[in-house]
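**Student:** all I have is the shape, not the residue letters:
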């Protein structure tokens, strides 16, 4: 059993020699289960996917793109500059998101650490000032990446970010609900209400064990509010 790169993909190797097969679980987006032969040729799968722009397809009788997934490497200003030139008009957050495997939340965090608007769009021709911004962002990306590459011996703390609601479940105010969990408090979440847990695993467990009940409370609150408005 192994993880593919640093993506949310698990590769189970079954059998050996000519009978070897791979059962691949993609644990992102809509998810997928893919069975391949020893050479990663897809035999059958749950969901087909094709991206002509990126020149790859996850389909039966096609090779599984095992080498196209994210791996860990140092990010430089030139790395970001190349992505920016290939994607004119993209925001800084989207540019960063294309070079790191940690998602939009961490991409925005890396940009905000430099006190830069993540929605900023750079011109086609970069000035020295723009190159300086990319150098700052690349430095923060590598620092965050070093933190996220923990060995597993010492798990990071966990944080659950809450909505802006101020009320308790039985009050007239909209109740607070969990909106996300993080292994560290991102820059954009610092001013939001949050709960801290000893480990990230504890935060994930609490989030998923409570979120559905909290959403039901929000629905009940909204229904009571609508009834109260009609009576008034």
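**Tutor:** Yes, it's here. Computed from a predicted model, the values in this text were never measured in an experiment.

**Student:** which ones are touching the residue nearest the centre of the chain?
**Tutor:** Central residue of the chain (CA atoms, centre = their mean): residue 103, 2.9 Å from the mean position. Residues near residue 103 by CB atoms under 8 Å, 6 or more residues apart in numbering: residue 97. Quick note: C-beta positions are derived from backbone N, CA and C, even for glycine.

**Student:** cutoff 7 Å now
**Tutor:** Listed by CB atoms under 7 Å, 6 or more residues apart in numbering, residue 103 has no contact partners.

**Student:** distance of residue 224 relative to residue 218?
**Tutor:** Distance check for residue 224 against residue 218: by CB to CB, to the nearest Å, it reads 11 Å.

**Student:** can you name the residues bridging to residue 42?
**Tutor:** Assessed by DSSP bridges, residue 42 has beta-bridge partners residue 36.

**Student:** touching, it and residue 62? I think so.
**Tutor:** Yes. Here residue 42 lies in contact with residue 62, judged by CB atoms under 7 Å, at a distance of 5.5 Å.

**Student:** and the two? Which one has more around it.
**Tutor:** Per other CB atoms under 10 Å, whichever of residue 42 and residue 62 has more neighbours is residue 42, with 21 against 16.

**Student:** can you tell me the strand partners of the helix or strand where residue 195 lies and which way each runs?
**Tutor:** Using DSSP states H and E, residue 195 falls within strand 194-197. The pairing partners recorded for strand 194-197 under DSSP bridges are strand 158-162 (antiparallel).

**Student:** for the following helix or strand past the partner strand, which strands pair with it and how are they oriented?
**Tutor:** Sequence order places strand 178-182 as the next helix or strand after strand 158-162, per DSSP H and E. Strand 178-182 pairs in its sheet with strand 158-162 (antiparallel), by DSSP bridges.

**Student:** which non-adjacent residue is nearest residue 203?
**Tutor:** Spatial nearest neighbour of residue 203, excluding adjacent residues (CB to CB, 6 or more residues apart in numbering): residue 158 at 2.6 Å.

**Student:** I meant residue 30, not that one.
**Tutor:** Distance criterion CB to CB, 6+ apart; nearest residue to residue 30, sequence neighbours excluded, is residue 47 at 6.3 Å.

**Student:** show me what the longest helix along the chain packs onto, helices and strands only.
**Tutor:** Counting by DSSP state H, the longest helix found in the chain is helix 200-231. Contact here means 3 or more CB pairs under 7 Å, 6 or more residues apart in numbering; DSSP states H and E; on that basis helix 200-231 packs against strand 158-162, strand 178-182.
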